[in-house]
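[1] turn this into a model:
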Amino acid sequence: MHEVTMAPPLVWSRSFPAAAAQIRETRRFLAGILGDLPEADDAVLCLSELATNATLHSHSRDGGHYTVRVELHSQHLRVAVHDQGGPWTPPGDGDEDHGRGLLIVSRLATSWGRDGQSTEGWTVWFEMDRS
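    Numbers count the residues shown, from 1 in each chain. A predicted model of the protein is given here:
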């Protein structure tokens, strides 16, 4: 009997100041990791939405930071953004001028979710199947 072992994921992590100008740097960080993988464009868009939320809606916005963690598994990609907490507002239905970010993530990603709490920080993540 042969035992199948899965290779551990490749993992990257980087913190960014929670400033609007850093969202571009966050996209470049992920684009540099994913290169020309088929899921790269959608993943970069999803990360952009999560980084924007951390910058605009969390306690990170007050001179803080957020951290991006990327896990490249053989079958899927997982990207997480950890911020410095604050109140959680459920995603909008996309009819307002704002509130479409998590709607975009939910449509492009295989799955997404949120862990944490308002005092310790939120981690919002998404996963995509690899082509």
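[2] tell me who's in contact with E120.
    Contacts for E120 were tallied using CB atoms under 8 Å, 6 or more residues apart in numbering; they are G85. Glycine gets a C-beta too; all of them are placed from N, C-alpha and C.
[3] so where's the protein shaky on pLDDT?
    The chain contains residues with pLDDT under 70 at 1-5, 92-99.
[4] buried residues, the helix of greatest length in it. List them.
    In the chain, assigned by DSSP state H, the helix with the most residues is helix 40-57. Residues of helix 40-57 classed as buried by neighbour count (16 or more other CB atoms under 10 Å): 40, 42-44, 46-55, 57.
[5] gap between the helix or strand just after that helix and the chain center?
    Next in sequence after helix 40-57, counting helices and strands by DSSP states H and E, comes strand 65-72. A distance of 7 Å separates the centroid of the chain from that of strand 65-72, by CA atoms, centre = their mean, to the nearest Å.
[6] do the same with stretch 23-35
    11 Å.
[7] mind saving the C-alpha coords of it as PDB?
    C-alpha atoms of stretch 23-35 as PDB (Å, rounded to 0.1, in the frame of the first residue of the first chain):
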ATOM      1  CA  ILE A  23      -3.500  48.800  -1.700                       C
ATOM      2  CA  ARG A  24      -1.600  49.000  -5.100                       C
ATOM      3  CA  GLU A  25       1.500  47.500  -3.300                       C
ATOM      4  CA  THR A  26      -0.700  44.800  -1.900                       C
ATOM      5  CA  ARG A  27      -1.900  43.800  -5.400                       C
ATOM      6  CA  ARG A  28       1.700  43.800  -6.700                       C
ATOM      7  CA  PHE A  29       2.700  41.500  -3.800                       C
ATOM      8  CA  LEU A  30       0.100  38.900  -4.800                       C
ATOM      9  CA  ALA A  31       0.600  39.300  -8.500                       C
ATOM     10  CA  GLY A  32       4.300  38.700  -8.000                       C
ATOM     11  CA  ILE A  33       3.600  35.500  -6.200                       C
ATOM     12  CA  LEU A  34       1.000  34.200  -8.700                       C
ATOM     13  CA  GLY A  35       2.600  35.300 -11.900                       C
END
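[8] alright, I will stop here.
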